[in-house]
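Asker: Test case, fold it:
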Amino acid sequence: MTTPIPTAPDLPRCDWCGSEPIYQKYHDLEWGVPEWDGRALWEKLILDGFQAGLSWITILKKRDNFRAAFEGFDPERIATWGEPQVNRLLQDKGIIRHRGKIEATITNAQAYLDLGGADAFRDMMWAYVDSKPLNGRYKTQSEVPTSSPLSTQISKDLKKAGFKFCGPTIVYAWMEACGLFNNHLVSCHRHDQV
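Answerer: The predicted structure follows:
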């Protein structure tokens with residue numbers, strides 16, 4: 001039996017999550033927790049790609065809509081999509097209606113499957129950190145970088161494999177969200193827990 005993770009408004013948190021309850025809940029329960037499911041890693045990479053140029057809370061508030069519009073982020077299904085599905089999604093007010101990002105999701109599903117799917121994608125991504133989260137141990141938000149040599153390398157490797165909307169900054173944010181980097185500030189109540 002696991003101990004429940006405390007989520008209360010007055011707990012010390014990373015500065016970026018502010019005071020909005022949906023953001024605090026995401027921070028406390030998901031962000032930085034190591035993600036070992038390859039399909040979920042892929043979904044989170046796609047959502048981080050949709051975030052480009054926007055704030056994460058925008059994506060977070062629309063995440064359920066994204067999951068419905070993209071049929072549960074099933075890569076095998078999405079990989080077969082074409083112009084009719086792109087046009088349908090461009091009319092969906094519940095998501096970010098950006099043609100390039102929608103088309104990149106289809107391309108990224110194909111690239112993900114070409115790599116071998118969930119287990120292969122998980123193994124490839126976690127191999128970059130030897131299957132152990134890197135620990136930033138940052139004291140202030142201003143110390144936390146927006147990219148790194150490792151996120152740059154992963155970005156290059158993903159692009160070489162056919163992925164799009166996966167630049168070094170997107171990959172870095174994704175690595176933080178998926179727990180490959182533990183970038184909870186040392187003062188945050190989640191730092192030692194993840």
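Asker: make it CA atoms for all contacts and neighbour counts henceforth
Answerer: Will do.
Asker: And the helices in this protein, which stretches?
Answerer: 21-29, 38-51, 56-69, 75-78, 83-90, 99-115, 118-127, 149-160, 168-177 (DSSP state H).
Asker: Could you look over those helices and pick the most buried one?
Answerer: With neighbours defined as mean count of other C-alpha atoms under 10 Å, these peak in mean count at helix 168-177, which reaches a mean of 23.
Asker: mind putting the helices of the chain in JSON lines, mean pLDDT and distance to Lys139 included?
Answerer: Shown next, in JSON lines, are these (pLDDT from 0 to 100; distance: least, C-alpha to C-alpha, whole Å):
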{"stretch": "helix 21-29", "mean pLDDT": "95", "distance to Lys139": "17"}
{"stretch": "helix 38-51", "mean pLDDT": "98", "distance to Lys139": "24"}
{"stretch": "helix 56-69", "mean pLDDT": "97", "distance to Lys139": "22"}
{"stretch": "helix 75-78", "mean pLDDT": "98", "distance to Lys139": "38"}
{"stretch": "helix 83-90", "mean pLDDT": "98", "distance to Lys139": "41"}
{"stretch": "helix 99-115", "mean pLDDT": "98", "distance to Lys139": "34"}
{"stretch": "helix 118-127", "mean pLDDT": "98", "distance to Lys139": "25"}
{"stretch": "helix 149-160", "mean pLDDT": "98", "distance to Lys139": "21"}
{"stretch": "helix 168-177", "mean pLDDT": "98", "distance to Lys139": "16"}
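Asker: The most centrally placed residue in the chain: what's its closest spatial neighbour, skipping adjacent residues?
Answerer: Central residue of the chain (C-alpha atoms, centre = their mean): Lys44, 3.2 Å from the mean position. With sequence-adjacent residues excluded and distances taken as C-alpha to C-alpha, 6 or more residues apart in numbering, Lys44 is closest to Trp174, at 6.8 Å.
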